[in-house]
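**Student:** Build me a model:
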Amino acid sequence: MADEKVLYSLKNVTKIFKSGKSIVKAVDDVSLSIYEGEIFGIIGMSGAGKSTLVRTLNRLEEINDGEIWFDGKNLSGLSTKELRQTRKEIAMIFQHFNLLTQKTVLANVVLPLKLAGVPKKIREAKGMEMLEVVGLAEKAKAYPAQLSGGQKQRVAIARALAMSPKVLLCDEATSALDPKITEEILNLLKKINKELKLTVIIITHEMAVIEKVCDRVGIIDAGKLAELGDVKDIFAKPESKAAKRLILPAITGDNPFDRTDKRCFRIVFDGFSSKEPVISNLVKETGEMVNILSANTRSVGGVGYGQMIVELPKEEARQKVILDYFKSINMEIMEVFETEESE
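**Tutor:** Predicted coordinates for the structure are as follows:
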């Protein structure tokens, strides 16, 4: 993305927490760029440091070392007044919707505009416009208690959009929602990204969320950036142990490695090859068979992918025939072990 404008540039960012004599590096020497107009994912297991990292992007957390540049400005170098102005360009939504229960939906949406001194007529017109964007204009006079969880998150998104930000930070914004509502919210974020040209940064522990909507992803592990790249590339060929831990559970379920002492491989099929009878063709071409331990299909960046875990025969010669066949048809293959699941 060399021709894209960099919105965020993180350079050797470190955030340290001290508790008594113990020191924890929640963010450890992280460097990455986020481009204007993309949907960027930050993912990691619980405690990896991803939420701390996102809170440094608007200086809710002050960093101990490094630099964070936003739209050409070094955040650490901003005065209190400059930071207040810059934060208007950085909106944020959370797992918990943080709506004011005693105020109507419209009053919640326009609250940032009211605090900024925008006249009532103008702010209410903007609020209704944002409710139209999130599909809740008919709920303008309702109260939060009358809304479902998905509707509350839509209101939170509308409120975040009210100040016309340049970026929307989503910190575990779908974690409290069921799968169907989660998909609706993710589709809404894609729509907002496309129609409003808004940069969206999604923080999550769920790889399915990243796969659904993100263009690129940074994987955080113990505060460090373990892997960075296009979602489809990391899905097809994860390099780091952290990436493998996040991706493999999506297809291994109850861990079939507990039931085998043979070599197991993950095979990934792209949108075209996922329609091909690969295993049947393997048998026809080589006479060899594999045991399918786990398989599914999923959408990664709008492209259909198939993937499976297969168990190979014990004989090395037969293994070579099977692996050579998969390589000959350009399958992405990766050997997987129980230790990568349990580390």
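**Student:** isn't there a helix covering residue 12?
**Tutor:** No: applying DSSP: H, G, I helix; E, B strand; the rest coil, one finds residue 12 to be strand, outside a helix.
**Student:** how about the closest residue to it other than its chain neighbours, secondary structure?
**Tutor:** Using C-beta to C-beta, 6 or more residues apart in numbering and skipping residues adjacent in sequence, the residue nearest residue 12 is residue 66, 4.0 Å away. In this view, the C-beta of every residue, glycine as well, is placed from N, C-alpha and C. Following three-state DSSP, residue 66 is assigned to strand.
**Student:** Which parts of the chain are helices?
**Tutor:** 50-56, 80-87, 105-115, 120-133, 149-161, 179-195, 207-213, 231-236, 241-247, 249-252, 278-286, 316-328, 338-342 (DSSP state H).
**Student:** Check residue 257 and give its pLDDT.
**Tutor:** Per-residue confidence (pLDDT) for residue 257: 48.
**Student:** My error: substitute residue 187 in the last question.
**Tutor:** 92.
**Student:** For it, give its distance to residue 318.
**Tutor:** Separation of residue 187 from residue 318 (C-beta to C-beta, to the nearest Å) stands at 45 Å.
**Student:** any chance of the helices of the chain in JSON lines, with mean neighbour count and distance to residue 171 too?
**Tutor:** JSON lines is the format used below for the helices of the chain (neighbours: other C-beta atoms under 10 Å; distance: least, C-beta to C-beta, whole Å):
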{"stretch": "helix 50-56", "mean neighbour count": "23", "distance to residue 171": "6"}
{"stretch": "helix 80-87", "mean neighbour count": "12", "distance to residue 171": "15"}
{"stretch": "helix 105-115", "mean neighbour count": "21", "distance to residue 171": "17"}
{"stretch": "helix 120-133", "mean neighbour count": "17", "distance to residue 171": "20"}
{"stretch": "helix 149-161", "mean neighbour count": "24", "distance to residue 171": "11"}
{"stretch": "helix 179-195", "mean neighbour count": "16", "distance to residue 171": "13"}
{"stretch": "helix 207-213", "mean neighbour count": "23", "distance to residue 171": "12"}
{"stretch": "helix 231-236", "mean neighbour count": "21", "distance to residue 171": "19"}
{"stretch": "helix 241-247", "mean neighbour count": "21", "distance to residue 171": "18"}
{"stretch": "helix 249-252", "mean neighbour count": "16", "distance to residue 171": "22"}
{"stretch": "helix 278-286", "mean neighbour count": "13", "distance to residue 171": "40"}
{"stretch": "helix 316-328", "mean neighbour count": "14", "distance to residue 171": "40"}
{"stretch": "helix 338-342", "mean neighbour count": "13", "distance to residue 171": "27"}
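**Student:** I'd like these laid out as TSV, including distance to residue 225.
**Tutor:** Listed next are the helices of the chain as TSV, based on distance: least, C-beta to C-beta, whole Å:
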stretch	distance to residue 225
helix 50-56	9
helix 80-87	24
helix 105-115	32
helix 120-133	33
helix 149-161	26
helix 179-195	23
helix 207-213	15
helix 231-236	12
helix 241-247	10
helix 249-252	21
helix 278-286	34
helix 316-328	30
helix 338-342	19
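**Student:** Quick one: closest of the ones you listed to residue 97.
**Tutor:** Closest approach to residue 97 among those is made by helix 149-161 (4.2 Å; C-beta to C-beta).
**Student:** which residues are in contact with that closest one?
**Tutor:** Contacting residues not belonging to helix 149-161 are listed as 91-94, 97-99, 105, 108-109, 111-112, 127, 130-131, 133-136, 139, 144, 147, 168, 173-174, 176-178, 181, 184-185, 188-189, 192, 196, 198 [C-beta atoms under 8 Å, 6 or more residues apart in numbering].
**Student:** Give the residue spans of the stretch 1-150 of the chain that score low on pLDDT.
**Tutor:** By pLDDT under 70, the weakly predicted segments of the stretch 1-150 of the chain are 1-3.
**Student:** For residue 31, find the nearest of the helices of the chain.
**Tutor:** Nearest to residue 31 among these is helix 50-56; the distance by C-beta to C-beta comes to 11.7 Å.
**Student:** Send me that closest one as CSV with only the CA atoms.
**Tutor:** Extracted in CSV, the C-alpha atoms of helix 50-56 (Å, rounded to 0.1, in the frame of the first residue of the first chain):
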residue,chain,number,x,y,z
LYS,A,50,-4.2,-5.0,22.3
SER,A,51,-6.7,-2.9,24.3
THR,A,52,-3.8,-1.0,25.9
LEU,A,53,-2.3,-0.4,22.5
VAL,A,54,-5.6,1.1,21.1
ARG,A,55,-5.9,3.4,24.1
THR,A,56,-2.5,4.9,23.2
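**Student:** Model confidence score at residue 243, please.
**Tutor:** For residue 243, pLDDT reads 89.
**Student:** Pull the number of nearby residues for residue 29.
**Tutor:** Applying other C-beta atoms under 10 Å, we find 14 residues neighbouring residue 29.
**Student:** residues touching it, list them.
**Tutor:** Residue 29 makes contact with 12-14, 65-66, 224 under the criterion C-beta under 8 Å, 6+ apart.
**Student:** Now flag whichever of those is closest to residue 44.
**Tutor:** Proximity of those to residue 44 (C-beta to C-beta) peaks at residue 224, which lies at 9.7 Å.
**Student:** From what I see, residue 279 and residue 288 are in contact.
**Tutor:** No: the pair residue 279 / residue 288 is not scored as a contact, 10.2 Å apart, by C-beta atoms under 8 Å.
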